[in-house]
Every structure is written in structure tokens, then in C-alpha cells.
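*Asks:* how would this look folded up:
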Amino acid sequence: MRKVLSPLRYTAIGDSITAGIGAWFNYGYAHQYRDFIEKDWKTRVIFRNLGRPGWTSQELLHRIRNDITFFKAIQTADIITCSIGGNDLIQAGRVYDKTKNKKTVEIALQNFQRNFLSIDQSIKNIKKSSTTSYMIFYIELYNPLPEFPLARQSVKKLNRILHKAADSYTKIAPVYAAFLHHENTLLFIDGKHPNYKGHRVIAETIRSLDYKP
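*Replies:* Sure thing, here's the model as predicted:
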């Protein structure tokens, strides 16, 4: 643990959950976690939210590799959070609804694993030159469709892929368990995104991992 120097730099990347969709005024988990950092560590935070609604793992990987804005925001960050994978499964689910072919979901998970592990390695390659400690938090998927066995299986498999990235610089926020059996109170009216309370639970789950820079 290093002495906290003000300010800390926090970069949030990912999909619509990082963008705050479902929360009041899009004040989602990333903004709320930023507030926790400022409160817990009594330091100012330079915050970049690069979440984009609709992004899959492939789109995020492309941006990390090719967008200088993402490169710089990751390079200078003390803390990085990332929500990704939900749209990969949603797209596969739409195809499955039409074809009833489970291989569609299996292929989507294989593609996600390849993309996600490349995302993780790309971030860590960017951070190799870092002279200060840093931490990456990947956010588990919750399951908005717990009544469907295929949804349960797919979300659990995707979360196991996320856990493959865990190391001394990387923690996985256990959001799946935090949402389980509380979907009715934590999801927005669209049934997919977290509501404000759901975003709060995600932020609190990251906070509970108790990282100190």
C-alpha cells in the first residue's frame, strides 16, 4: 500500500452499466464508487467515465487497442473498473430465441473469453510502465432472467471467465450473489439494467473488496 496522493485517478470503462443507464440522471455505480473513494480516502478523484451503451467485449477491445483517449485514461489511472459481457449474451440470446440453437450461446461465450482475456492483457500491457500501484475491478454479471436455466448457466459461465483475470492487480466484484433473489428491487423498469439502488449495490460491492492504494 502506498501513501495516497491527492488526487487519485479513476477510469471506468465498459458498457451501459458503466455509463449509468437505469440510475437517476445516469448517476450509476461508477459515479457512486467515485464518491466512496473520496469519502473513504479523503482525497479528490479525477474521474473519467468511458462507458458506452451497447458495447460488446469486441467493441471495448477495439477501443482499448486503437483509441488514444482510452490508452491515456488507462495509462494514468490508479483505479480501473470495467463492466462488460452483458451485450455479448444479449445478442446471443436474441439469436437463440429465433433458432433454439444452444451453440449460439456457446460460441458467444468462446468469443467473449478470447476478447476479455485480450482486454485484460491489453490493460496490463498499458500499465507495465506504471510507477505506482493500481487496481482493476471487473464486475460480475447479475442475472436479470433467473427463471430461465440457460440464462443462469450462461451468466455463471461468463463470470467464471472474468475470474480467470484475478491476480495481485485485479479483483472481481461479486455482483452476481449481491443481486441474486433481489432482482425485483435492484433492476430498472426495462428489466435489464440496474436501477439507482442496483447501481448502489454494485458500487458497494466494489467498495467491500477494500482496496487501498
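
*Asks:* Now do stretch 60-67: everything it contacts.
*Replies:* 13-15, 50, 70-71, 74, 82, 84, 115, 118-119, 122-123, 126 (C-beta atoms under 8 Å, 6 or more residues apart in numbering). Bear in mind the C-beta positions are built from the backbone N, C-alpha and C, glycine included.

*Asks:* and which of those is nearest to Ile189?
*Replies:* Asp15 (18.7 Å; C-beta to C-beta).

*Asks:* show me what contacts the closest one?
*Replies:* By C-beta under 8 Å, 6+ apart, the residues touching Asp15 are 51-56, 60, 83-84, 86-87.

*Asks:* Which elements pack onto the lowest-mean-pLDDT helix or strand in the chain?
*Replies:* The weakest-scoring helix or strand in the chain, judged by mean pLDDT, DSSP states H and E, is helix 86-99 (a mean of 93). The helices and strands touching helix 86-99, judged by 3 or more C-beta pairs under 8 Å, 6 or more residues apart in numbering; DSSP states H and E, are helix 16-19, helix 103-126, helix 149-163.

*Asks:* Going by neighbour count, list what's buried in that helix.
*Replies:* 86-89, 92-93, 96 (16 or more other C-beta atoms under 10 Å).

*Asks:* Dump those to TSV, plus distance to Ser154.
*Replies:* TSV is the format used below for those (distance: C-beta to C-beta, whole Å):
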residue	distance to Ser154
Gly86	11
Asn87	13
Asp88	10
Leu89	6
Ala92	8
Gly93	8
Tyr96	9
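
*Asks:* Sort out which one of those residues lies nearest Lys157 for me.
*Replies:* Leu89 (9.5 Å).

*Asks:* Could you verify my assumption that that closest one touches Asn159?
*Replies:* No. In this structure, Leu89 is not within contact of Asn159 by C-beta atoms under 8 Å, at 11.0 Å.

*Asks:* Residues that sit against both of these two, list them.
*Replies:* The contact sets of Leu89 and Asn159 overlap at Leu141 (C-beta under 8 Å, 6+ apart).

*Asks:* Tell me how far the residue positioned nearest the centre of the chain lies from Arg63.
*Replies:* Nearest to the mean C-alpha position of the chain, by C-alpha atoms, centre = their mean, lies Ser83 at 1.6 Å. In this view, Ser83 and Arg63 are 14 Å apart by C-beta to C-beta, to the nearest Å.

*Asks:* give me the number of residues near the closest residue to Ala19 other than its chain neighbours?
*Replies:* Spatial nearest neighbour of Ala19, chain neighbours left out: Gly51 (3.6 Å); criterion: C-beta to C-beta, 6 or more residues apart in numbering. Using other C-beta atoms under 10 Å, Gly51 has 25 other residues around it.

*Asks:* Next, the contact list for Gly51, please.
*Replies:* With C-beta under 8 Å, 6+ apart, Gly51 has these contacts: 12-20, 28, 30, 83.

*Asks:* Thr76 now?
*Replies:* Thr76 sits next to 9, 11 when contact means C-beta under 8 Å, 6+ apart.

*Asks:* and it, backbone torsions?
*Replies:* Backbone geometry at Thr76, expressed as degrees, to the nearest 10, gives phi -90, psi 0.

*Asks:* Looks to me like Ile46 is in a strand.
*Replies:* Yes. Counting by DSSP: H, G, I helix; E, B strand; the rest coil, Ile46 is found in a strand.
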